[in-house]
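Student: just to be clear, the model below is a prediction. Sequence and coordinates:
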Amino acid sequence: MTATAANSPSVVLIVEDEEESRETLRELLELEGLVVQTAANGREGLDAIAALDGRLCVVLLDLFMPVMDGWQVVDALRREGRLGSVRVVIVTSAAHRAPPGVPVLEKPLDIARLMEAIQQTC
C-alpha cells in the first residue's frame, strides 16, 4: 500500500509515549510505504491532528500516556465534533478499557491486523 500526496489523506499519526514502540511502529509503517508522523503524548497528538487537517488518514492512539492520555484525546475530539472526521484506532494492552465506539487493536500488535485496519480506514 503506497500513500502519496495525490491520494490524500495520506498520513498515519502514531500517538504513543513509549519511544521504542513508537519508533518501531513508525519504521514498520514506513517500510509499507506509508507517510508517518509521531507524537509522544495526547497533547502533542491533538496539535499534530490540527496541523495535519485534511491530510490525516488515521490516528493510532495509545491510552496510557503522560500529559494527556488517550481517553482525553478521544473526549477532546468528541467535544470538537471531529471524532467522525478524524479516524482513530486505539492501540492498547487494555482493550477492555477503551472508549466505546472507537476501534481497538490489542497489544502486542498483530501486524497483519494492523495493516488491514489501516487499509480499511485509509
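Tutor: Sure, I can see it.
Student: spatially nearest residue to V89 (excluding sequence neighbours)?
Tutor: P103 (4.8 Å; C-beta to C-beta, 6 or more residues apart in numbering). Every C-beta, even on glycine, is put in place using the N, C-alpha and C of the backbone.
Student: do you know how far the one you found is from L114?
Tutor: Distance check for P103 against L114: by C-beta to C-beta, to the nearest Å, it reads 11 Å.
Student: and V58, by the same measure?
Tutor: Noted for V58: a distance of 10 Å to L114, by C-beta to C-beta.
Student: comparing the two, which shows the higher neighbour count?
Tutor: A count of neighbours by other C-beta atoms under 10 Å puts V58 above the other of V58 and L114, at 21 against 18.
Student: and that one, that's in a helix?
Tutor: No - V58 is assigned strand when assessed by DSSP: H, G, I helix; E, B strand; the rest coil, not a helix.
Student: show me the contacts for P66.
Tutor: Going by C-beta atoms under 8 Å, 6 or more residues apart in numbering, P66 touches 17, 41.
Student: which SS class is it?
Tutor: P66 - assigned by three-state DSSP - is coil.
Student: and it, how far from G33?
Tutor: Taking C-beta to C-beta as the measure, P66 falls 32 Å from G33.
Student: now do the strands in the protein.
Tutor: Assignment of strands within the chain using DSSP state E yields the ranges 11-15, 35-39, 56-61, 88-92, 104-106.
Student: the helix ranked longest in the chain - contacts with which helices or strands?
Tutor: What stands out as the longest helix in the chain, according to DSSP state H, is helix 19-31. With contacts defined as 3 or more C-beta pairs under 8 Å, 6 or more residues apart in numbering; DSSP states H and E, helix 19-31 has these neighbours: strand 11-15, strand 35-39.
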